[in-house]
Every structure is written in C-alpha cells, then in structure tokens.
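Trainee: Pasted the sequence and its predicted model underneath.
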Amino acid sequence: MAYYLLRARSTIFPKASPTLQFLRYRHAGQAMTMPSQPRVQKSAIIAQKALIGDAKTDIGLLTDTFIMPTGTNLPSLFKKPGERLSLIKIRIKQRIFDIRDMVVFKWATKQKLRIWEPKKVAPSLHKDMYTAFAEGDLDSLRLLCGDGLLNSFQKRIAVRRNAKMEWKLHKLLSRPKVVSNKAHHYMGYNQDRRQAVVRIHSLQSLSKFNAQGKLVEGEPKEVVEYLVIEKNYHMGKESPWYVWGTTEETTMQRFIEENKKKEARVKYAYQ
C-alpha cells in the first residue's frame with residue numbers, strides 16, 4: 001500500500017519556471033486506453049476568436065480554488081485528525097460557495113453551464129498542448145494556451161533552439177476528474193469567466209532526436225497533473241476552452257498562506 005502513496009513524476013519535460021511546476025505524487029489507478037483525439041481544429045477556434053476577440057487576459061487562478069490533497073499530502077486521520085477534518089470542512093464549504101457562484105453566473109449571464117464539459121475537453125487540450133510544445137508549434141500553442149503559459153512556452157522553445165522532441169501519451173491510468181469547477185460574474189464589466197481544474201493521471205514519454213537525426217526513445221513515465229482550463233464570456237459571446245496552466249493540491253500550509261494573502265488584499269482594499 002505504501003507504494004501507491006509515493007509521489008509520481010510531475011512532468012517529463014525539463015524543469016521550467018514555477019508556473020509550470022506540477023505537484024508530484026503517485027496514486028493507484030486502473031489503466032485505460034486513451035481515446036483518439038483530433039489535433040487542434042484551428043479553423044473553428046480562429047472563427048470563434050474572431051467573434052469574441054482575444055480575451056485570454058491572464059488574471060490568475062480564481063480565488064479560493066481548493067483541491068483536496070491526496071497520498072502523503074493528506075494529513076493522517078490518526079496522527080493529525082484535526083487537520084484532516086479541517087480540510088474536509090473547507091472542501092464542503094468551498095463546494096457550497098462554488099454552487100452559489102454557479103447560480104449567480106447562470107442568472108446573470110443566461111449562459112448554459114455545461115458543468116461536465118471540462119472533463120470532456122481537458123484530455124484533448126492536454127494532449128494537443130504537449131504535442132505542440134514538443135514540436136515547437138507556436139501557432140497551435142497560441143490557440144491552446146493563455147497568455148502567461150504561452151509566454152513561458154515561448155521562452156523554453158527559444159532556449160532549446162533547434163532541439164527536436166517527440167511527446168507521446170501512451171494511456172490514461174485513471175479517468176480524468178474535475179476537482180474544481182468555478183464560474184465568476186464580474187458585475188458591471190460585461191466579462192465573465194469559467195475555470196476548472198482537471199486531474200489527469202497518465203503514462204507518457206518524451207523522446208529526443210540526436211545529432212544524427214535519429215529518434216532516441218524516452219522511457220514511459222507515470223505523471224499526475226492538475227490542468228487548469230478556462231473560458232471567457234465577453235458581451236455575451238463565449239470563447240473556446242484553453243489551458244491557463246497547472247496548479248497543485250491544497251495542503252493545510254498552503255491554505256493558511258493563501259488565507260493570509262487574501263486577508264491582506266481585503267485590508268489593503270479598505271484602507
């Protein structure tokens with residue numbers, strides 16, 4: 001059992017800035033094959049962007065995004081029962097607030113929520129994004145990523161110069177799971193936002209071409225990622241889903257730190 005509580009690799013790509021660092025842990029999951037997904041449908045996405053404009057302004061992770069910790073990040077019920085119960089209470093409370101925000105969003109925007117849509121689109125966004133990054137395909141990345149993530153990818157592609165890579169998703173080790181699903185209505189701004197965090201547990205590999213142009217196969221590795229995807233609504237027009245970046249589980253320490261930052265922002269706003 002202890003084997004499954006170890007942390008898995010966060011990403012098979014070389015380490016990058018903190019924006020692209022993924023939480024690492026291992027968890028049991030039944031292997032399943034990855035359904036074939038089409039590559040980026042550029043014409044459709046470009047058409048939608050023409051209607052709504054480029055609204056991928058990076059305002060960050062929505063406030064109070066809570067992801068229940070697992071494995072070694074989850075406090076023991078026997079050693080730290082207080083922390084464990086506190087996290088459970090926080091999760092329940094936040095889910096209630098998320099439902100309230102969904103109701104406000106629905107009432108204010110008259111948009112369809114399609115709550116389960118993130119679970120359907122996240123795997124293809126994940127696959128297309130990493131394939132495009134490995135290939136250095138900036139045109140596809142512009143359609144798939146938010147501004148902050150795109151900027152990070154551009155810098156990493158520039159640093160590796162002409163190095164060629166090939167990323168491969170072998171299979172999903174468990175079904176994608178929506179661990180956070182939020183909607184926010186910005187009153188008076190004709191701007192609204194949906195943001196979801198989807199847990200993707202997969203077996204993937206990164207291969208590189210050597211100086212002779214021969215592909216050196218990379219070893220398949222287990223990776224767990226919390227993919228943050230979002231979409232915008234401006235003047236009643238809806239954008240496609242795109243990738244904001246990744247995040248990590250909400251440990252008790254992280255929750256306390258985020259709460260302090262939140263209190264400081266509120267205090268500053270009322271000064």
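Mentor: Structure received.

Trainee: Could you say which helix or strand holds Phe97?
Mentor: Assigned by DSSP states H and E, Phe97 belongs to helix 81-109.

Trainee: pLDDT on that helix, on average?
Mentor: For helix 81-109, mean pLDDT is 95.

Trainee: tell me which residues in it are buried?
Mentor: By neighbour count with 16 or more other Cβ atoms under 10 Å, helix 81-109 contains the buried residues 83-84, 87, 90-91, 94, 98, 101-102, 105, 109. Just so you know, the C-beta spots here come from the backbone N, C-alpha and C atoms, and that holds for glycine as well.

Trainee: starting at the chain centroid, how far to it?
Mentor: How far helix 81-109 lies from its chain's middle: 19 Å, per Cα atoms, centre = their mean, to the nearest Å.

Trainee: I'd like to know which elements that helix is packed against.
Mentor: Helices and strands touching helix 81-109, by 3 or more Cβ pairs under 8 Å, 6 or more residues apart in numbering; DSSP states H and E, are strand 177-186, strand 191-209, helix 252-269.

Trainee: one more time with 6 Å, if that's ok
Mentor: Under the contact criterion of 3 or more Cβ pairs under 6 Å, 6 or more residues apart in numbering; DSSP states H and E, helix 81-109 touches strand 177-186.

Trainee: The strand it packs on packs against which elements?
Mentor: helix 81-109, strand 191-209.

Trainee: Could you look up the next helix or strand downstream of the last one?
Mentor: Downstream of strand 191-209, the next assigned helix or strand under DSSP H and E is strand 215-216.

Trainee: Check which element follows that next one along the chain.
Mentor: For strand 215-216, the following helix or strand on the C-terminal side (DSSP H and E) is strand 221-234.

Trainee: Show me what counts as buried in that following strand.
Mentor: 222-234.

Trainee: The next helix or strand after it - what's its average pLDDT?
Mentor: Later in the chain than strand 221-234, the nearest helix or strand by DSSP H and E is strand 237-238. Averaging pLDDT along strand 237-238 gives 88.

Trainee: Parallel or antiparallel, which strands does strand 237-238 pair with?
Mentor: Strand 237-238 pairs in its sheet with strand 221-234 (antiparallel), by DSSP bridges.
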